[in-house]
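>>> need the 3D shape of this:
(chains A and B, ligands or ions: 2)
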Amino acid sequence: MKRRDLVWQVGGAQGEGIESAGALFLQIMHEEGYYVASHRHFMSLIKGGHTHYQVRVGSEPLLTPGDQVDILVAFDQASIDHDAGRLHAGSLVLANAAKKPELPEGSPARLVPVDFLALAKQAGGAIMANTVALGATGALLGWGEEALDEYFASRFGRKGEEVVEQNRQAYRLGWEAVHRLGVEPLAMPEKPAPGRRVLLQGDEAMGWGALEAGSRLFFAYPITPASEILQWLAKWLPQVGGAVVQAEDEVAAVNYAVGASLAGQRAWTATSGPGLSLMQEGISIAAMTETPLVIVDAQRGGPATGLPTRPEQSDLNEILYGSHGDQPRIVLSPATTADAFWAIQAAFNAAEKYQCPVIVASDLNLALDVRNVDLEELRRLPIERGLLDLEPGAYAPHTYPRFQLTESGVSPRVLPGVPGKTTTVVGDEHTVEGHITEDAEPRVAQMTKRLRKMEAAAADPELMGEALWTSGPEEAELVLVGFAGTYGPIEEARRALEEEGVRARHVHLRVLRPFPAEALAAELRGKRVLVVEQNAGGQLAGELRRQLGGGDFRSCLKFDGNPFTTAEVLASAREVLGR
Amino acid sequence: MSVIETRKVTLNDYRAETPTWCPGCGDFGVLRGLQRALVDLQIEPHRVLVVSGIGCSGKLSSYIGTYGFHGLHGRTLPVAQAAKLANPELTVLAVGGDGDGYGIGVGHLVHAIRRNVDITYVVMNNDVYGLTVGQTAPTTPLGRVTRSAPYGSSDNPLSPLGLALGLGASFVAQGFSGHIDHLATILRAAIQHRGFSLVNVFSPCVTFNEEYGYDYLRQRLVDIDADAAYSRLDRMAALRKLAETGGLVEGILFEDPERVPYDQLLPQYKPEVVAGAPRPLSEEERRAVLEGFSLTGR
Ligand SMILES: Cc1ncc(C[n+]2csc(CCOP(=O)(O)OP(=O)(O)O)c2C)c(N)n1
Ligand code: SF4
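Ligands and ions are numbered 1, 2, ... in the order given. This is a model prediction of the structure:
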């Protein structure tokens, strides 16, 4: 039987090496030339608790890590129980024989018991239980007894020949244990045409995109799921002459970014919900002083409000409306890993062009899920700095019209160091020259000027041309609407509907401020609409109603701490369609 | 190459708006002291960035004629440190009140001292919150009656210099608005110091804090710069002096010329790269980044 994809998953207690086992399988499949997509499920603790790593291997680019599991490697009973519902008639469960594993009653799957630990010890150490599991997997997928020999040499070569040999042995022992049981191997998916593909997280794509955008300073305070940006840049920024500063808190981080930006850097910060709450005052000062600022918010269920390490999209209202005062604010939201590379560059360009804060709305799945991306999918944008006025002048101190009233709302910006244009940028309301004022006329003039930027941005084809990703027929019975990391399950559900003969369309929002009201209204007019989002309050649906002046939208919501599956979106769509 | 015009920098170059402080406010003296220090050092105003907080003191950035940023209450230090990292050619000063620096912003002070970025922090200390009209400040003495403590303050006052010395600050000094010449000398040394400098300046609030005025300070301040026996290289001596005088000293208490400034500790940080116009990765850099990922079809 030919397969298009296969889902492998390893589960166990946190701290048991589950993550490294998953990452290993993922990397091997990627380097073998397959398309891969993965998801790591983890808890807000370091040791104990259930964790699993899911890897989908395919012949075509993959939109999600997959709903069902074909091979489940379970280090404990909890891993079987946790995901029993995702097993099907062809599924194989490689389980730790020493723990007397059992499938739940009526499970269609087949149990393949292997004593990972005993075999690992036989090979030279308990630490190689991972490798035994990999060997057992190899036997279930029809790989040879020596399939990974070379791989172990390259991976463990530095640790010496003994480690390499022990891992080879561990693989072989796992392989033989399954082989002896005489289980019919599952077919591997067909290999796609070879191509240049890079294994990447959304967070890494943003880090890399920022380097391409010319950013050389990054300031942040660690928080899942944004920390990977900090960690990736901590390694790479020094290599290109830049620096990472781990701030004392988020309040500092955002103000660092503002200070560096004031001095001319394309500086930025990244955080998640509670961190964004702390940054809101800094966002206001950037908007008021017209200092470019880029913030990535990787949403999740945060401490204080949810399940801290689990996917959620519940910061949307905060991203769109947080902070005091009226202010221009641009919000971008990438849909895929490759799109994250675009979004961060577009954010720097927009921040400088409109001299205002730009928030990139990401989420846990987008930020952390690893997949491979064709290199040509990573789009590089030209660097656009907007209205910078760096010619020396002959202005008396503090007479330079930094906040000149312009039609676009954007005034020429000077940077400290330019002779004859000294200016003080004040956060309180100010005149054209930046002097504090409490008079009504300059207040109104400056406020309307700042807000006018949003009109200019709304008319910017470079920005608004990117606002929507659409797929499916225009004449559709149903439109599925989403933003950020739910792109995959929504798009897969739409394709499934199409295969069933249902005319369904998918509209994914990639620019949320300025809100693409006209384009979206045109898409939704006269159609049944299902808004798919990962929160309890229906924040995106609420935003659509607010922006479009009402609308009869149905919601598909999820906030149980797990990512959307395609089947869930599909079920919700069928319900709306009355099928 | 054309002839470089060298024009002497004068006090006139450092004049901007007319201050709106109450007549007699100590902040006038701080402004004058800073202008004088910068002129003495012959630094042109466009090469200076003054970052200020919110408070009466925070308005100084509008009055000094340099580049300035008047941002948020308590957030001067992050802004100032980052601006210096982004453009190391700038002389960066952070200025604000004691509420700004030792109340809402004290966390940033602690970490700025740890990092030792080459900036100068001038705190206009009036023992009270001026702009919000007279509440207790972190430096207000125990028992003092203020608008927010009608029965007397119940919080022990903070010793900013003790805090800084204890944390290992590399330059710690104290000045007085009533002694502008001396203050200018202190500020000059602070600006020249390579690393983070804290200068606490007694800057009386004539409107909300009469007890702690010019006369009070003039009578009590002990000038350590005039004391030939005092060594500013000795942190323990500085702490002793603070204890002896109850904090009422004037001058440079401590300087550690050896402590490495932050930029020199940052691995491979290149000022010319960071201060230059943004550019994409070079082909070589991009190749290195790509090699760092797992890549197929090399
Ligand atoms: C986040 C925030 N909280 C409170 C305030 C109100 N506020 C403005 S100035 C100030 C205190 C000023 O005292 P200080 O820093 O000592 O400066 P001074 O006016 O005495 O020079 C306060 C509490 C504010 N601007 N922002
Ligand atoms: S209230 Fe006090 S601190 Fe404020 S300007 Fe008047 S004297 Fe100065």
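
>>> so residue B:109 is in which element?
For residue B:109, the host element (DSSP states H and E) is helix B:106-115.

>>> need the residues of the stretch 101-250 of chain B near ligand 1, please.
By the criterion of Cβ under 6 Å from any ligand atom, the positions of the stretch 101-250 of chain B lying close to ligand 1 are B:124, B:126, B:129, B:130, B:131, B:132, B:137. Glycine gets a C-beta too; all of them are placed from N, C-alpha and C.

>>> from the structure, what's the count of residues near residue B:207?
A count of nearby residues for residue B:207, using other Cβ atoms under 10 Å in any protein chain shown, gives 17.

>>> these two touch, right, it and residue B:21?
No: using Cβ atoms under 8 Å, residue B:207 makes no contact with residue B:21, being 9.5 Å away.

>>> residue closest to the middle of chain B?
In chain B, the centroid-proximal residue (Cα atoms, centre = their mean) is residue B:121; its distance is 0.9 Å.

>>> would you work out how far apart the start and end of stretch B:129-144 are?
Across its full length, stretch B:129-144 reaches 13 Å end to end, with Cα to Cα, to the nearest Å as the criterion.

>>> which stretches in the stretch 1-150 of chain B count as strands?
For the stretch 1-150 of chain B, the strands identified by DSSP state E, counting those that start in this stretch occupy B:48-52, B:67-70, B:91-97, B:120-125, B:128-129, B:135-136, in order along the chain.

>>> mean pLDDT added to these, as TSV?
Listed next are the strands of the stretch 1-150 of chain B as TSV, based on pLDDT from 0 to 100:
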stretch	mean pLDDT
strand B:48-52	98
strand B:67-70	98
strand B:91-97	98
strand B:120-125	98
strand B:128-129	96
strand B:135-136	96
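
>>> as CSV, these with distance to chain A would be great.
Rendered in CSV, the data for these read as follows (distance: least, Cβ to the nearest Cβ, whole Å):
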stretch, distance to chain A
strand B:48-52, 5
strand B:67-70, 3
strand B:91-97, 9
strand B:120-125, 14
strand B:128-129, 17
strand B:135-136, 20
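
>>> ok, the closest residue to chain A within the stretch 101-250 of chain B - contacts?
When distances are taken as Cβ to the nearest Cβ, the stretch 101-250 of chain B approaches chain A most closely through residue B:111, which lies 4.2 Å from it. Listed by Cβ atoms under 8 Å, 6 or more residues apart in numbering or on different chains, the contact set of residue B:111 reads A:248, A:252, B:77.

>>> out of those residues, which touch ligand 2?
Filtering the contacts of residue B:111 for neighbours of ligand 2 using Cβ under 6 Å from any ligand atom leaves an empty set.

>>> counting neighbours, which of these comes out on top?
Note: the member of these with the most neighbours is residue B:77, at 33 neighbours, neighbours being other Cβ under 10 Å.

>>> and that one, what's its pLDDT?
According to the prediction, residue B:77 has pLDDT 98.

>>> so which residues on the stretch 101-250 of chain B come close to chain A?
B:107, B:108, B:110, B:111 (Cβ under 8 Å from any Cβ of the partner chain).

>>> 6 Å - rerun?
Contact residues (Cβ under 6 Å from any Cβ of the partner chain) of the stretch 101-250 of chain B with chain A: B:107, B:108, B:111.

>>> for those, which one is nearest residue A:456?
Taking Cβ to Cβ as the measure, residue A:456 sits nearest to residue B:108 out of those, at 35.0 Å.

>>> what's near enough to touch the closest residue to that closest one other than its chain neighbours?
Closest residue in space to residue B:108, ignoring its immediate chain neighbours: residue B:77 at 4.0 Å, by Cβ to Cβ, 6 or more residues apart in numbering or on different chains. In this structure, residue B:77 makes contact with B:94, B:108, B:112, judged by Cβ atoms under 6 Å, 6 or more residues apart in numbering or on different chains.

>>> ok, now with 10 Å
Residue B:77 sits next to A:248, A:252, A:255-256, A:259, B:51, B:53, B:94, B:96, B:100-101, B:105-113, B:115, B:117, B:119, B:121, B:196 when contact means Cβ atoms under 10 Å, 6 or more residues apart in numbering or on different chains.

>>> can you check residue B:71 too?
When contacts are counted by Cβ under 10 Å, 6+ apart, residue B:71 touches A:255, A:258-259, A:262, A:281-282, A:285-286, A:288-289, A:291, A:425-427, B:51-54, B:58, B:61, B:78-80, B:96.
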